[in-house]
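Asker: Could you work out the structure for the sequence below:
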Amino acid sequence: MDRSEARILREMLELGRGRAWLDEADDFAAALRAAPRSRGGLLLVGREAAEPWHMAAHLSDEARLAGLARLDPTLVRRAANADAPAHLAAGLDRISAAGRGDAVLIVAESDPEQAVLERVQDARRRGARVLTLGQSVPLSCDLAHDVLAVPDSPDAPTFDGAQHLVSSAAVGIRPRGLLFRLRRWVDTSNGPQVEQW
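Answerer: Residues are numbered from 1 along each chain as shown. Predicted coordinates:
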């Protein structure tokens with residue numbers, strides 16, 4: 001899925017019953033954008049059998065295009081190769097060492113292994129922000145400051161589509177202040193504005 005396909009998916013959700021989920025996704029993306037304070041401070045982790053390569057690659061591209069180096073993620077791997085580039089050479093100990101200014105993003109359809117969850121709990125105790133993007137992840141949700149659930153529903157995108165939408169929204173400039181929320185409430189309450197009769 002490229003940027004134009006992600007934009008089309010977003011527009012379809014806005015027009016349909018997916019608007020509520022999209023609002024939650026935008027709030028989650030805003031939290032993700034604010035979480036890491038420096039380059040290398042965003043750690044992505046998932047299940048060993050399904051490492052979040054796809055989200056890491058997409059978010060890396062989006063961050064590069066937007067000039068937001070702090071959102072260029074580090075993929076945390078169980079068997080990290082020391083010869084790999086820095087953003088692919090981090091092992092689980094990198095999560096345990098995370099602290100204030102760092103963020104751990106769990107991207108998984110189901111909870112990661114206990115060894116991962118223990119390290120995420122260590123990072124949370126040390127002050128790292130924990131975010132979870134998942135489907136059936138009750139243990140991960142308990143650890144997270146911010147959670148975005150991707151239900152298996154026609155009102156929400158697929159898990160793959162959700163990763164694209166969150167990545168794009170995280171680097172996009174989306175107003176999140178009181179005026180934006182008030183305008184959204186007025187639009188919802190009054191319906192669409194009619195320019196001519």
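Asker: Please count neighbours and contacts with C-alpha atoms only from this point.
Answerer: OK.
Asker: List the buried residues of the longest helix seen in the chain.
Answerer: Ranked by residue count under DSSP state H, the longest helix found in the chain is helix 19-34. Buried residues in helix 19-34, defined by neighbour count with 16 or more other Cα atoms under 10 Å: Arg19, Trp21, Leu22, Ala25, Asp26, Asp27, Phe28, Ala29, Ala30, Ala31, Leu32, Arg33.
Asker: tell me what that helix is packed against?
Answerer: helix 3-15, strand 146-149, helix 159-171 (3 or more Cα pairs under 8 Å, 6 or more residues apart in numbering; DSSP states H and E).
Asker: Using CSV, lay out those together with mean pLDDT.
Answerer: Shown next, in CSV, are those (pLDDT from 0 to 100):
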stretch, mean pLDDT
helix 3-15, 75
strand 146-149, 96
helix 159-171, 91
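Asker: Indicate which one of these is closest to Ala57.
Answerer: Minimum separation from Ala57 across these (Cα to Cα) falls at helix 159-171, 9.8 Å.
Asker: before we move on, the earlier item: for the helices and strands packed on helix 19-34, which one sits closest to His54?
Answerer: helix 159-171 (8.2 Å).
Asker: Can you give me the buried ones in the closest one?
Answerer: Neighbour-count burial for helix 159-171 [16+ other Cα under 10 Å]: Phe159, Gly161, Ala162, Gln163, His164, Leu165, Val166, Ser167, Ser168, Ala169, Ala170, Val171.
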